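Engineer: Can you look at this prediction? I've put the sequence above it.
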Amino acid sequence: MATQLKLKLREGDPAPSFSALTSGGGKVSLADLKGKSVILYFYPRDDTPGCTKEACAFRDHYAAFQKRGAVVLGVSVDPVKTHDKFVAKFQLPFPLLADEDKKIVNDYGVWGQKSFMGRKYLGIHRVTFLIGPDGRIRKIWPKVKPEEHAAEVLAAL
């Protein structure tokens, strides 16, 4: 099972600023989203079983997130090209951020040691941050069940 991550950010902290290229050839920064609730969910890899379940759950609840004025952003260290394939394959209506230099995952403290079947490696821990319109972290989900998670986040808005 995954190694427990010690998060450095706390609820109420200012969210670290970021800027990244996105699926679909766009670019997004936290500064552009001031005044909106931002759901920033970190996931290990495009088109893997858990990550696909989580992305599709956010897709299926997307209209409700929009109704509440929230922005959904997925983040992994995969390149834009991989994100574009993932978005097309599952018709994801929200952008995926390509954090290839690992700046965002490090700033948010979600990059760290993991273990799978006895093998240790570095990777992204599945963590979600709800950033309030004021740019502060309103809620952190350090342990995520991919299928149920989007509903949990929606309930917190």
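Structural biologist: Thanks, I have it.

Engineer: Going by C-alpha atoms from here, please, whenever you check contacts or count neighbours.
Structural biologist: Will do.

Engineer: Doesn't P93 lie inside a strand?
Structural biologist: No. Looking at P93 with DSSP: H, G, I helix; E, B strand; the rest coil, it is coil, so not inside a strand.

Engineer: right, and it touches R59 too?
Structural biologist: Yes. Between P93 and R59 there is a contact at 6.3 Å, judged by C-alpha atoms under 8 Å.

Engineer: For the two, indicate the residue with more neighbours.
Structural biologist: Neighbour comparison, P93 and R59: the larger count goes to R59, with 19 against 16 (by other C-alpha atoms under 10 Å).

Engineer: looking at this, I137 is in a strand?
Structural biologist: Yes. Judged by three-state DSSP, I137 forms part of a strand.

Engineer: what number of residues lie near the residue lying closest to it once chain neighbours are set aside?
Structural biologist: In space, and not counting its chain neighbours, I137 is closest to I131: 4.4 Å by C-alpha to C-alpha, 6 or more residues apart in numbering. Using other C-alpha under 10 Å, I131 has 28 other residues around it.

Engineer: got the contact list for I131?
Structural biologist: A15, S37, V38, I39, L40, I137, R138, K139 (C-alpha atoms under 8 Å, 6 or more residues apart in numbering).

Engineer: that's a helix at G50, yeah?
Structural biologist: Yes. Counting by three-state DSSP, G50 is found in a helix.

Engineer: Return the set of buried residues in the helix-or-strand element of the chain with minimal mean pLDDT.
Structural biologist: Within the chain, no helix or strand scores below strand 111-116, which has a mean of 86 by mean pLDDT, DSSP states H and E. By neighbour count on 16 or more other C-alpha atoms under 10 Å, the buried set for strand 111-116 is W111, G112, K114.

Engineer: Now do it: which elements does it pack against?
Structural biologist: Contacts defined by 3 or more C-alpha pairs under 8 Å, 6 or more residues apart in numbering; DSSP states H and E place strand 111-116 against strand 119-124.
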